[in-house]
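Enquirer: A structural model of the following input is requested.
(one chain, ligands or ions: 1)
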Amino acid sequence: MTHATHPFDALMDITARPPAVFVRGEGSFLWDDDGKRYLDFVQGWAVNCLGHSPPEIIEALTVQAKLLLTPSPAFYNTPSLKLAKALTDHSCFDRVFFTNSGAEANEGSIKLARKYGALHRHGAYEIITFDGGFHGRTLATMSASGKKAFEPLFEPKVSGFPKAKINDLESVKRLITAKTIAVMLEPIQGEAGVWPFTDQFLRDLRALTTEQGLLLIFDEIQTGMGRTGKLFHYEHTGIEPDIMTLGKGIGGGVPLAALLATEAASCFQHGDQGGTFNGNPLMCAVGLAVLERVAAPEFLKSAADAGLYLESELQRISARHGLGEVRGRGLLLALDLKHPIGASIVGQALGDGVLLNSPQPDALRFMPALNVSRDEIDAMIDCLDAILAKMGAARRVA
Ligand SMILES: Cc1ncc(COP(=O)(O)O)c(C=O)c1O
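Expert: Numbers count the residues shown, from 1 in each chain. I've put the predicted structure just below:
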């Protein structure tokens, strides 16, 4: 793994990466080009819901690649029709627009809300979003995000995204004006460190937005596709949003995302939205294979059970090492470390062959495959326990 064998400098240096170069994946494991094996609790950032290279995806890609890669988005193709129908059958939405990334799906949701405002609310265009929210890295989705580090970047931002506070309905009410058209949020703020909106807040917000004639947009790019133990997070709350975006898990490892809307909110007219690869059959065939597996009640039940087991094991570790709360739902969980030791733990775990993520200096986030086994959870917990014991001993000596 030297500079001679890997010309790292040919890639734009957009983030700090460890020097490992991954060459193969299977289930919960990845291998680098030195043959070292890693237990993966990152899974492409909550993407590989069925683990690395699952047979369903290999089969879907192989079959579809031999049939048709893309006919052009100006024509219908079978996998996109079937996947759109399956998504609407499994949700409260009536229409789907496929995209290639989560940010693009969210960008589409912003455009759809603005179009709705132009048609139905005298040109209202503001979308209330939340401090700490993350919606992607296009200019508009960075502007919609409430991530502090984004604030000084790429000025001027896209305007029209006033920020409310998580779980604070009054802060939403204060921002509503004649210019407001929608409220947009991640039901659990993932990048911010796994901070959930309460179910009660989401119900109150639905009542408020309905009363005010505003659209409610759920960004379920991280929480959707079984991640929280139900197919979509909104199902936990008993309410239905008007618009929802999906990404990450829907492709199970390939670039696929989607914008879903109710019939009433689906107001794009010809020319408003499109894209060369949107709804291409190769990716949609994969999405269909993933959805068929993930939407099965027994699969969702076992993912929810795995989440409860991981949560209880994290609570045990937390109590043992004097750490903080375990937050989140299903298999999107965070452990509050109480100290800024996240990066150090991630680095040590990498050395021990376990991939972890620290979205904030004082938190670890866990987003394994939805079919992660108890043995794999135990192996990760043992590794974390050993690292924390070593760090605790080091702190006591110091
Ligand atoms: C909640 C949420 N929205 C949007 C995005 C952006 O998705 P993508 O990276 O596919 O553009 C992410 C990615 O982490 C996300 O977690």
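Enquirer: C-alpha only now, for contacts and for neighbours.
Expert: Fine.
Enquirer: list the buried residues in whatever helix or strand residue 314 lives in.
Expert: Assessed by DSSP states H and E, residue 314 sits inside helix 297-321. Within helix 297-321, the residues that count as buried by 16 or more other CA atoms under 10 Å are 299-300, 302-311, 313-315, 317-318.
Enquirer: distance from that helix to the middle of the chain?
Expert: Its chain's C-alpha centre and that of helix 297-321 lie 19 Å apart, by CA atoms, centre = their mean, to the nearest Å.
Enquirer: what packs against that helix?
Expert: Under the contact criterion of 3 or more CA pairs under 8 Å, 6 or more residues apart in numbering; DSSP states H and E, helix 297-321 touches strand 326-329, strand 332-336, helix 374-397.
Enquirer: please list the residues of the stretch 101-250 of the chain that sit near the ligand.
Expert: The stretch 101-250 of the chain comes close to the ligand at residues 101-103, 134-136, 186, 190, 219, 221-222, 247, as judged by CA under 6 Å from any ligand atom.
Enquirer: buried among the residues you listed? Make that a ChimeraX selection.
Expert: Selection command for ChimeraX covering only the buried members of these, criterion 16+ other CA under 10 Å:
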select :101,102,103,134,135,136,186,190,219,221,222,247
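Enquirer: mind listing what's buried along the helix or strand of the chain with the lowest mean pLDDT?
Expert: Every helix and strand of the chain was ranked by mean pLDDT, DSSP states H and E. The lowest is helix 374-397, at a mean of 91. Neighbour counts using 16+ other CA under 10 Å place 376-377, 380-381, 383-385, 387-388, 391 of helix 374-397 among the buried residues.
Enquirer: quick one, that helix and helix 297-321 angle?
Expert: Orientation check (axes from the mean of the first three to the mean of the last three CA atoms, to 10 degrees): helix 374-397 against helix 297-321 gives 20 degrees.
Enquirer: ok now helix 374-397, how far from the chain's centre?
Expert: Distance of helix 374-397 from the chain centroid (CA atoms, centre = their mean) equals 27 Å.
Enquirer: send the alpha carbons of it over as PDB?
Expert: Extracted C-alpha coordinates of helix 374-397, given in PDB (Å, rounded to 0.1, in the frame of the first residue of the first chain):
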ATOM      1  CA  ARG A 374     -25.500 -11.200  17.000                       C
ATOM      2  CA  ASP A 375     -22.000 -12.600  16.700                       C
ATOM      3  CA  GLU A 376     -20.900  -9.600  14.600                       C
ATOM      4  CA  ILE A 377     -22.400  -7.200  17.100                       C
ATOM      5  CA  ASP A 378     -20.600  -9.100  19.900                       C
ATOM      6  CA  ALA A 379     -17.300  -8.900  18.100                       C
ATOM      7  CA  MET A 380     -17.700  -5.100  17.600                       C
ATOM      8  CA  ILE A 381     -18.700  -4.600  21.200                       C
ATOM      9  CA  ASP A 382     -15.700  -6.700  22.400                       C
ATOM     10  CA  CYS A 383     -13.400  -4.500  20.400                       C
ATOM     11  CA  LEU A 384     -15.000  -1.300  21.700                       C
ATOM     12  CA  ASP A 385     -14.900  -2.500  25.200                       C
ATOM     13  CA  ALA A 386     -11.200  -3.300  25.000                       C
ATOM     14  CA  ILE A 387     -10.400   0.100  23.500                       C
ATOM     15  CA  LEU A 388     -12.400   1.900  26.200                       C
ATOM     16  CA  ALA A 389     -10.700  -0.200  28.900                       C
ATOM     17  CA  LYS A 390      -7.300   0.800  27.500                       C
ATOM     18  CA  MET A 391      -8.200   4.500  27.300                       C
ATOM     19  CA  GLY A 392      -9.700   4.400  30.800                       C
ATOM     20  CA  ALA A 393      -6.500   2.900  32.200                       C
ATOM     21  CA  ALA A 394      -4.400   5.500  30.300                       C
ATOM     22  CA  ARG A 395      -6.600   8.300  31.800                       C
ATOM     23  CA  ARG A 396      -6.300   6.900  35.300                       C
ATOM     24  CA  VAL A 397      -2.400   6.700  34.900                       C
END
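Enquirer: counting by contacts, list what it packs against.
Expert: Looks like helix 374-397 contacts helix 297-321, helix 342-351 (3+ CA pairs under 8 Å, 6+ apart).
Enquirer: closest to residue 83 out of these?
Expert: helix 297-321 (18.2 Å; CA to CA).
Enquirer: quick one: the helices in the protein?
Expert: 43-46, 55-67, 78-89, 102-120, 139-144, 169-175, 199-212, 281-294, 297-321, 342-351, 374-397 (DSSP state H).
Enquirer: so for residue 234, which of the ones you listed sits nearest?
Expert: Residue 234 lies closest to helix 199-212 among these, at 8.7 Å (CA to CA).
Enquirer: list the buried residues for that closest one?
Expert: For helix 199-212, using 16+ other CA under 10 Å, the buried residues are 199, 202-203, 205-206, 208-209.
Enquirer: alpha carbons only: can I get that helix in CSV?
Expert: Provided in CSV are the C-alpha atoms of helix 199-212 (Å, rounded to 0.1, in the frame of the first residue of the first chain):
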residue,chain,number,x,y,z
ASP,A,199,-42.8,11.3,17.8
GLN,A,200,-45.0,13.8,19.7
PHE,A,201,-43.1,16.7,18.1
LEU,A,202,-43.6,15.2,14.6
ARG,A,203,-47.3,14.7,15.3
ASP,A,204,-47.6,18.3,16.5
LEU,A,205,-45.7,19.5,13.5
ARG,A,206,-48.0,17.6,11.2
ALA,A,207,-51.0,19.2,12.8
LEU,A,208,-49.4,22.7,12.5
THR,A,209,-48.4,22.3,8.9
THR,A,210,-51.8,21.0,7.9
GLU,A,211,-53.5,23.9,9.7
GLN,A,212,-51.2,26.4,8.0
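Enquirer: what is it packed up against?
Expert: Looks like helix 199-212 contacts helix 169-175, strand 215-219 (3+ CA pairs under 8 Å, 6+ apart).
Enquirer: out of those, deepest packed?
Expert: Ranked by mean neighbour count, those are led by strand 215-219 with a mean of 26 (mean count of other CA atoms under 10 Å).
Enquirer: alright, that wraps it up for me.
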